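>>> What follows is a predicted structure for the sequence shown.
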Amino acid sequence: MTMKQISRRKFLENTIILGASSIALSACSSLGISIHDSAFDILIINGLVIDGTGKTAFHSDVGIKDGKIKAIGMLANAEAKKIIDAKGLIISPGFIDIHTHTDLGILRNPNGESKIRQGVTTEVSGNCGSSFAPLSPTEFEEKKIDFEKLGLELKNHSLGAMLESLDKWKFAVNQATLVGLGTIRENIIGMKDRPATLDEIKKMKYEIERAIDEGAVGAASGLEYTPGSFATTEELIEICKGLHGRANLYATHMRNEDNFVEEAVDEAIKIAAGSNARLEISHLKASGKSNWHKAEKILLQMDEAIKSGLEVHADRYPYVAYHTGLANLFPLWARDGGSSEFIERMSDENNYEKMREYAEKKVANLDGGWRGVVISGLANKDLQHLKGLSIKEISEDQDKEPFDVAADLIKSTNSSVMMVGFGMNEQEIETILSHPRVMIASDAGAHAPYPPMNNSIAHPRAYGTFPRAITKYVKERKICSLEEMIRKMTSLPAEKFRFNDRGKIEVGKNADIVVFDYDKIKDKAEFTDSMKYAEGIIHVIVNGKATIENNKLTNELAGKIIRS
């Protein structure tokens, strides 16, 4: 080794991160290194690589050039514009969040702080049956005006037009989308609880085929929400036959996740089998105290379906509470026709008492009853002081029955009120997360602790899902190895959604990379104080661009729209 090489190696070993700073430039210049002609754009050295495949971690350097991983090995003698010393740190593929609700949130929050700061480099939106397109004629006219204000053109109502417009926007985290079956049903049938006609099924199937051709990575149903809940099993089988090619993926928020969860899993499997789709069960859970023991049974149902030849996976967030609309505590028949008809039915005393009976039974199964129903967001500006309070707390303060409080909130917000429900427990979570086909997902949009992103109380999963999976379930609970947990966050979701160019530390893959401190990684967001960024995520690289450096946001917006 020459003196020049020895000097260069010593320089690299003593550098934590150089970047394109004047210090780095002068140091490289003194060693005779050409910045402009360097071999790599970014060189990560001295790290412990967990490549995403599940295999044992290994010490290596990683070289990045033109947005791709160009080399893996002992690269300390290579030249680079930016050098990251990852000594004592883990080098991992960027985390892929396959169940999110960011959707058009990238327009108002392009930095995607709550996601990028926990190591997420790719999101999949359009879940639970609702996607940002295709649009109804009225929605198209409204969105067209909104987009024009941002300097974007929206050519027509289609999902393809939406993606084409978003291509011209800048954002930090890669974005893919499913097409929402509830969105399509509402556009064609409306909010009524009735069977689809043969002609309507044909139209819905065509919309799915078109969305897939234009870039959707699959389709998603939300069978606990209107109007998706009005679709029969047979209808869903027929329209899902429109799924094709690499995007023949059916993701489902099932029809039930508590007392009838086993039947709901059977239906999901039947829909996938009947339409020849690859199944993804969204936020798989056995909710409610009387159902926690069913976790092993529903996993067995998955295993049996896999043995029969179906491709079945699931995702789950690592928290004991879910996040949904308060209206979800009310019976389906009450919500038929939309918010106005829902509220109008409450004026009938007989209907009102039937709703009460249904809600009381559902809430009794939550951990804490009405104290386990916490308000997280309301459309009414005069009621913002209720955010963060449980229905039980509000009822005690107002001297009302808890159900009457819930009904009043529905009325005063036109049914636009969100809740957190404490329906699960730790044993149920561990059982489900331990399954090799269950992936990690947040079920949350991208948030930030400043306006306008903090107008509602976020579920802590928006800020802490991926660090929490490592901290609580690898370090503390030891349900699996770190390598296996990283696989659940990277290569497994990439393979499921056919993201063949990312998800692994492998030469030729897109350089979506997270460098984190295993000893310090930790989720900080809590149910009572959710807007806290995770710790221990030191560097995040998206498509070869440093988006987080030394825990700090660079405002680099290198995310891309990912199409099927």
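Thanks, I have it. Because the structure is a prediction, the values reported are computed rather than measured.
>>> Now do the buried residues in stretch 153-173.
Under the neighbour-count criterion of 16 or more other CB atoms under 10 Å, stretch 153-173 has 154, 157-166, 169, 171-173 buried. In this view, the C-beta of every residue, glycine as well, is placed from N, C-alpha and C.
>>> cool, stretch 500-508 as well?
For stretch 500-508, a neighbour-count test (16+ other CB under 10 Å) marks 502-505 as buried.
>>> Nearest to C240 among those?
G503 (25.2 Å; CB to CB).
>>> Pull the contacting residues for the closest one.
If a contact means CB atoms under 8 Å, 6 or more residues apart in numbering, then G503 has 52, 93, 96, 490-495, 509, 512 as its contacts.
>>> what's near enough to touch the residue nearest the centre of the chain?
Geometric centre of the chain, nearest residue: T100, 2.6 Å, by CA atoms, centre = their mean. Taking CB under 8 Å, 6+ apart as the contact definition, T100 lies against 115, 123-125, 127, 441-446.
>>> List only those of these flagged as buried.
Buried, going by 16+ other CB under 10 Å: 115, 123-125, 127, 441-446, out of those.
>>> From the contacts of G503, which land in strands?
Those of the contacts of G503 mapping onto strands are 93, 96, per DSSP state E.
>>> just the buried members of the contacts of G503?
Among those, the ones that count as buried by 16+ other CB under 10 Å are 52, 93, 96, 490-494, 509, 512.
>>> Would you mind giving both backbone torsions of L249?
The phi and psi torsions at L249 (degrees, to the nearest 10) take the values phi -110, psi 130.
>>> so which of the buried ones among the contacts of T100 would you say is closest to E549?
Nearest to E549, judged by CB to CB, of the buried ones among the contacts of T100 is K115 at 16.9 Å.
>>> domain parsing for this structure?
Split into domains by automatic domain parsing, the chain comes to 3-88, 324-421.
>>> chain center to the longest one: distance?
By that I understand domain 324-421. Here the centre of domain 324-421 is set off from its chain's centre by 26 Å, with CA atoms, centre = their mean, to the nearest Å.
>>> I'd like the mean pLDDT over it, please.
Domain 324-421 comes out with an average pLDDT of 94.
>>> got it, and stretch 550-560?
97.
>>> hmm, back to that, between the contacts of T100, which is nearest G325?
Closest to G325, out of all of these and judged by CB to CB, is D443, at 13.4 Å.
>>> Please tell me how far L135 sits from D61.
In this structure, L135 and D61 are 47 Å apart, going by CB to CB, to the nearest Å.
>>> contacting residues for the residue nearest to L223 when sequence neighbours are not counted?
Closest residue to L223 apart from its sequence neighbours, by CB to CB, 6 or more residues apart in numbering: R255 at 3.9 Å. Neighbour list for R255: 223-224, 229, 263-264, 267 [criterion: CB under 8 Å, 6+ apart].
>>> again, only using 10 Å
Neighbour list for R255: 221-224, 228-229, 231, 233, 236, 261, 263-265, 267-268, 332 [criterion: CB atoms under 10 Å, 6 or more residues apart in numbering].
>>> tell me the pLDDT at M3?
If you check M3, the pLDDT there is 32.
>>> Buried residues, stretch 131-138. List them.
131-135.
>>> One more: stretch 244-260?
Buried positions in stretch 244-260, judged by neighbour count with 16+ other CB under 10 Å: 247-259.
>>> Report the separation between P436 and E186.
36 Å.
>>> Can you tell me the element N555 falls in?
For N555, there is no host helix or strand (DSSP states H and E).
>>> I meant to write A305 there.
Using DSSP H and E, the element containing A305 is helix 295-307.
>>> what stretches of this protein score poorly on pLDDT?
Where the chain drops to pLDDT under 70, the residues are 1-38, 456-457.
>>> Where is the longest strand in it?
As assigned by DSSP E, the longest strand anywhere in the chain is strand 40-49.
>>> helices or strands next to that strand in the packing?
Judged by 3 or more CB pairs under 10 Å, 6 or more residues apart in numbering; DSSP states H and E, strand 40-49 is in contact with helix 3-13, strand 58-65, strand 68-73, strand 80-85, strand 90-93, strand 513-516, strand 537-542, strand 545-549.
>>> V179: which of those is closest?
Nearest of those to V179, taken as CB to CB: strand 537-542 at 24.6 Å.
>>> Give the partner strands of that closest one in its sheet and their orientations.
Strand pairing for strand 537-542, using DSSP bridges, gives strand 513-516 (antiparallel), strand 545-549 (antiparallel).
>>> next one: the first one to chain centre, how far?
To tie it back to what came earlier, the one meant is strand 513-516. A distance of 18 Å separates the centroid of the chain from that of strand 513-516, by CA atoms, centre = their mean.
>>> Only the buried residues of it, if you could.
Buried residues in strand 513-516, counted by 16+ other CB under 10 Å: 513-516.
>>> hey, C-alpha coordinates of stretch 140-156 in CSV?
Provided in CSV are the C-alpha atoms of stretch 140-156 (Å, rounded to 0.1, in the frame of the first residue of the first chain):
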residue,chain,number,x,y,z
PHE,A,140,-62.4,16.2,-11.1
GLU,A,141,-63.5,19.8,-11.5
GLU,A,142,-62.6,20.5,-7.9
LYS,A,143,-59.2,18.8,-8.0
LYS,A,144,-58.4,20.4,-11.4
ILE,A,145,-58.7,23.8,-9.7
ASP,A,146,-56.7,22.7,-6.7
PHE,A,147,-53.9,21.4,-8.9
GLU,A,148,-53.8,24.5,-11.0
LYS,A,149,-53.1,26.5,-7.9
LEU,A,150,-50.0,24.3,-7.4
GLY,A,151,-48.9,24.7,-11.0
LEU,A,152,-50.0,21.2,-11.9
GLU,A,153,-52.3,20.1,-14.8
LEU,A,154,-54.9,17.4,-14.2
LYS,A,155,-56.0,16.3,-17.7
ASN,A,156,-58.9,14.0,-16.8
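>>> Just the residues contacting it, thanks.
104, 107-108, 132-136, 157-158, 161-162, 164-169.
>>> Those in helices, which ones?
Counting by DSSP state H, the part of those found in helices is 107-108, 161-162, 164-166.
>>> CSV for those, including distance to M204?
Below are the ones in helices among the contacts of stretch 140-156 laid out as CSV (distance: CB to CB, whole Å):
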residue, distance to M204
L107, 27
R108, 30
A161, 19
M162, 18
E164, 23
S165, 24
L166, 24
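>>> Buried ones in the helix holding A305, by neighbour count?
Buried residues in helix 295-307, defined by neighbour count with 16+ other CB under 10 Å: 295, 298-299, 301-302, 305.
>>> Quick check: nearest residue in space to P460, chain neighbours excluded?
A525 (3.5 Å).
>>> do the same with K524
K532 (3.9 Å).
>>> ditto for A176
Nearest non-adjacent residue to A176 (CB to CB, 6+ apart): I562, at 4.1 Å.
>>> my read: that neighbour touches V542, true?
No - using CB atoms under 10 Å, I562 makes no contact with V542, being 11.9 Å away.
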